[in-house]
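Chemist: Dropping the sequence and predicted coords here.
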Amino acid sequence: MFEPDRVRSLWELTEYRAELSPRQPMFFDETTGGSGQAVTFGEVRDRALRLAAGFHGLGIGAGTRVLWQLPTWPLTVAVSLALARLGAVQIPVLHLHREREVGFALRQSAAAYAIVPGEWRGHDYAGTARKAAPAGVRVLSVADGLPEAAPGSGGALPDFVRPGSTPTWIYYTSGTTAEPKGVEHTDGSLLAGGIGLATALGTTDADTGSIAFPYAHIAGPDYLVTMLLSGFPAVVLDTFEPAAAVEAYRRHSVTMAGGSTAFYQAFLDEARRRRAHAGPGPAVALVPTLRLLSGGGAPLPPELYHAAGRELECAVVHGYGMTECPMIAMGTPYDSDEQLAHTVGKPVTGARVRIARPDGGEARPGEPGEITVRGPMVCRGYTDPALTAGAFDADGWFRTGDLGLLRTDGHLVITGRLKDIVIRKGENISAQEVEELIRTHPAVGEVAVIGLPDRERGERVCAVVTLAGPEVGAGAGPGPEGLTLGALTAHLRRAGLMPQKLPEQLEILDALPRGGPLNKVLKGALRERFGQR
């Protein structure tokens, strides 16, 4: 039985699970060259200890700052756990980042070591790290071999010291126009996030999960904690290709998949592709053992919720979190379709959510405002004290920068971002509100609503869309070829959108630009592309 008084750090949780389930698979390695090999909880713990001994021999210990930029591999988890055993401060960096971002993180965090793959997928990570690193930073490459030694050979490991409230993790949020922000977490805040996720999803050791997103993302330890708490294995992918992922999930009877809205859409598209090419006979679910898709990181359109649940034959459970607070709210498999399609669930175990009015007062149920949060999963602040001071209100509530409301049933609805608004003639227009209505047009696939500079209005509303496939629009109104600005605004008027919020510009693309670990739409790129028209 889980003992919260005994387990207050990531390493203690690792030891707890390895003692309880040493021979239970922890990972099915479907990474490049992994061939589906099973790696047990005991084996991961033992390798972490060997790596910890090797790192300790290099001088890494409590408080040593170590940046690691590694793909999603079982080895990556073992490296992270080894650093947790030593009490090092970890700086995970996404493998997508290059010299500018890596160099900034190394300098700003004052890291002493960097651990990288070597060359992987055509990029020389070791060369980039050495070029970006300030003088004195030691670069360790997986390609050259990481130091591993049995504890006790060449020097015993130091006694484990529970890290307490001292930050042991620094996550850098991605930025395009400003420098990234270093978010400071403790083992305790990451544990609290994972406990909230595990409780909401109802995970057990009978499940088989999946990790197809970058482990260096804040969702990495969030999911790892869930695995260690419940004792279930996960299929690990270092690259995500929907057709290959589906085959791996089928081989290992995956019950839980997901990552973000983009993953839901990818699985839905794959299911439709296979259905279109299937021969006669009864339809087979894309992954027959799948019981739920879960994730967060971007809004979940109600239409996508219903389509994915229907065609994938599973529950779709969406949540809400951010780098500064890995879990804020989460739906559960026991919520109603209406709740799952239109909210991000209730605040998770330990999280308190307060909706703040512009004057700082607390909003009533159903009244919109800024989402603020308190709880053990909230970060300790930023590496820049000035940013920390501006992130919390006078009463200690963390300001998320997101707009939303709490319903009378306790479920949270996100209505937009404080910065994701269009200010047209002095009136704030929520981009998300307009996007949700545009998605109901049968000719529209994906949509992003942005504000563009306008001499008369300040900003004008621009809708950037992709066209739906023929199977989506068939029999439901005008086909994709008939989509015009006039047709779109007429549809929105019929849906009840006030005239001041109607798009004044329509752009049609083959695909929306996306990036980052959760494949979010890059609205900045769209503003730059269409802002001069």
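Modeler: Done, it's in. Numbering: from 1, shown residues only.
Chemist: Can you identify each of the strands in the stretch 51-200 of the chain by residue range?
Modeler: Under the criterion DSSP state E, counting those that start in this stretch, the stretch 51-200 of the chain contains strands at 65-68, 89-92, 113-116, 119-120, 123-124, 138-141, 169-172, 182-185.
Chemist: Give the partner strands of the first one in its sheet and their orientations.
Modeler: Next to strand 65-68 in the sheet, as set by DSSP bridges, lie strand 89-92 (parallel), strand 113-116 (parallel).
Chemist: and of the ones you listed, who's closest to Thr173?
Modeler: Ranking the strands paired with strand 65-68 by proximity to Thr173 (C-beta to C-beta) places strand 89-92 first, at 12.1 Å. From N, CA and C alone the C-beta is placed, and that goes for glycine too.
Chemist: What lies in contact with the closest one?
Modeler: 63-69, 80, 83-84, 105, 109, 111, 167-172, 215-217, 220 (C-beta atoms under 8 Å, 6 or more residues apart in numbering).
Chemist: starting at the chain centroid, how far to that strand?
Modeler: Its chain's C-alpha centre and that of strand 89-92 lie 17 Å apart, by C-alpha atoms, centre = their mean, to the nearest Å.
Chemist: next one: stretch 64-77
Modeler: Going by C-alpha atoms, centre = their mean, where stretch 64-77 is centred and where its chain is centred differ by 17 Å.
Chemist: Now Arg494, what are its backbone angles?
Modeler: Per-residue torsions, Arg494: phi -60, psi -30 (degrees, to the nearest 10).
Chemist: cool, and His217?
Modeler: According to degrees, to the nearest 10, His217 has phi -70, psi 160.
Chemist: Tell me how many other residues surround it.
Modeler: Residues near His217, counting by other C-beta atoms under 10 Å, number 22.
Chemist: buried sites along stretch 341-352?
Modeler: Using 16 or more other C-beta atoms under 10 Å as the burial criterion, the residues of stretch 341-352 that qualify are Ala341, Thr343, Val344, Gly345, Lys346, Pro347, Val348, Thr349, Gly350, Ala351.
Chemist: can you list the weak-confidence ranges in this protein?
Modeler: For the chain, the stretches with pLDDT under 70 are 1-6, 152-155, 174-178, 281, 426-428, 470-482, 517-518, 533.
Chemist: Apply the buried test to the contacts of strand 89-92 and list what passes.
Modeler: 64-69, 80, 83-84, 105, 109, 111, 167-172, 215-217, 220.
Chemist: returning to that earlier point: is it possible to get JSON lines of the strands of the stretch 51-200 of the chain that adds distance to Leu286?
Modeler: Shown next, in JSON lines, are the strands of the stretch 51-200 of the chain (distance: least, C-beta to C-beta, whole Å):
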{"stretch": "strand 65-68", "distance to Leu286": "34"}
{"stretch": "strand 89-92", "distance to Leu286": "31"}
{"stretch": "strand 113-116", "distance to Leu286": "35"}
{"stretch": "strand 119-120", "distance to Leu286": "29"}
{"stretch": "strand 123-124", "distance to Leu286": "32"}
{"stretch": "strand 138-141", "distance to Leu286": "38"}
{"stretch": "strand 169-172", "distance to Leu286": "33"}
{"stretch": "strand 182-185", "distance to Leu286": "35"}
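Chemist: Indicate which one of the ones you listed is closest to Gln505.
Modeler: It's strand 169-172; of the strands of the stretch 51-200 of the chain, that one is closest to Gln505 (C-beta to C-beta) at 34.3 Å.
Chemist: chain center to that closest one, what's the gap?
Modeler: With C-alpha atoms, centre = their mean, you get 14 Å for strand 169-172.
Chemist: Quick one: list the elements packing against it.
Modeler: Packing partners of strand 169-172 (3 or more C-beta pairs under 8 Å, 6 or more residues apart in numbering; DSSP states H and E): strand 89-92, helix 99-109, strand 182-185.
Chemist: Show me the contact partners of the second one.
Modeler: Helix 99-109 is contacted by residues 65, 67, 69, 89, 91, 93, 97, 111, 114, 128-129, 131-134, 137, 170, 172, 174, 179-180, 182, 383 when judged by C-beta under 8 Å, 6+ apart.
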